[in-house]
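Student: predicted model, plus sequence, below.
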Amino acid sequence: GESVGLHLPTLSVQEGDNSIINCAYSNSASDYFIWYKQESGKGPQFIIDIRSNMDKRQGQRVTVLLNKTVKHLSLQIAATQPGDSAVYFCAENKDGGSQGNLIFGKGTKLSVKP
Amino acid sequence: KAGVTQTPRYLIKTRGQQVTLSCSPISGHRSVSWYQQTPGQGLQFLFEYFSETQRNKGNFPGRFSGRQFSNSRSEMNVSTLELGDSALYLCASSLEGRGGQWDEQFFGPGTRLTVL
């Protein structure tokens, strides 16, 4: 079925390095793509989103890239900090008129080494 | 502004029982969604409510149901609990939800349900 998946289940980086988390999606009709961060014992926290008519969007220390040709989404975290250690999920929303129907990927666990 | 709150935070039930989980959205938010999170299946959409109406439903059996009240608070119910229903149940709220524009979803901390 249609789903959002992730290439790597775990990622370990050195503090201060840049991190890149990847995601593949299969539904060309999805309108929004979102990255969430989930720390242990907490609910997912919104990081950044990008609409399907965009290729790139930047936030504070984060950049999301969308490549519709190969149906690929990535999250880049600049100068990764220990506080960035968490599980990162990509998600897609097929219907902008329905907020809740998000399809999530399996998640990538990011570990930051001091 | 207070975040999304969910009660209870932890719950232990036995097979065959039923359970009701509660979610209070951020003040002013009208859309409430529920998700189930398990290690095997990840985060899966259960249903979404807007203005007391179920607007969307995921692929879960009829044992899973929900409702939304006039103050936007929402409850979900699981009847005839099975071992596989053990999961973290997450509630998320968003401001509006119409007009083709996606609004950020704010998640609560979840309710950890264990079925024995």
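Tutor: Received, thanks.
Student: for chain B, what helix or strand is lowest in average pLDDT?
Tutor: strand B:53-57 (a mean of 90; mean pLDDT, DSSP states H and E).
Student: please identify the buried residues of the helix or strand following it?
Tutor: Downstream of strand B:53-57, the first helix or strand assigned by DSSP states H and E is strand B:64-68. By neighbour count on 16 or more other CB atoms under 10 Å in any protein chain shown, the buried set for strand B:64-68 is B:64-66, B:68. C-beta: built from backbone N, CA, C; applies to glycine.
Student: tell me where chain A has strands.
Tutor: Ranges of strands within chain A are A:4-5, A:10-14, A:19-25, A:32-38, A:45-51, A:56-58, A:62-67, A:72-77, A:86-93, A:102-104, A:108-113, based on DSSP state E.
Student: mind putting those strands in TSV, distance to chain B, mean neighbour count and mean pLDDT included?
Tutor: Putting the strands of chain A into TSV (distance: least, CB to the nearest CB, whole Å; neighbours: other CB atoms under 10 Å in any protein chain shown; pLDDT from 0 to 100) gives the following:
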stretch	distance to chain B	mean neighbour count	mean pLDDT
strand A:4-5	10	19	50
strand A:10-14	14	13	94
strand A:19-25	13	20	93
strand A:32-38	4	23	94
strand A:45-51	5	17	94
strand A:56-58	13	13	97
strand A:62-67	14	18	97
strand A:72-77	15	20	96
strand A:86-93	5	23	93
strand A:102-104	4	24	89
strand A:108-113	12	17	95
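Student: give me the beta-bridge partners of residue 91?
Tutor: I went with chain A, as the question did not name one. Under DSSP bridges, the beta-bridge partners of residue A:91 are residue A:34, residue A:104.
Student: hmm, no, I was thinking of chain B.
Tutor: Beta-bridge partners for residue B:91, by DSSP bridges, are residue B:34.
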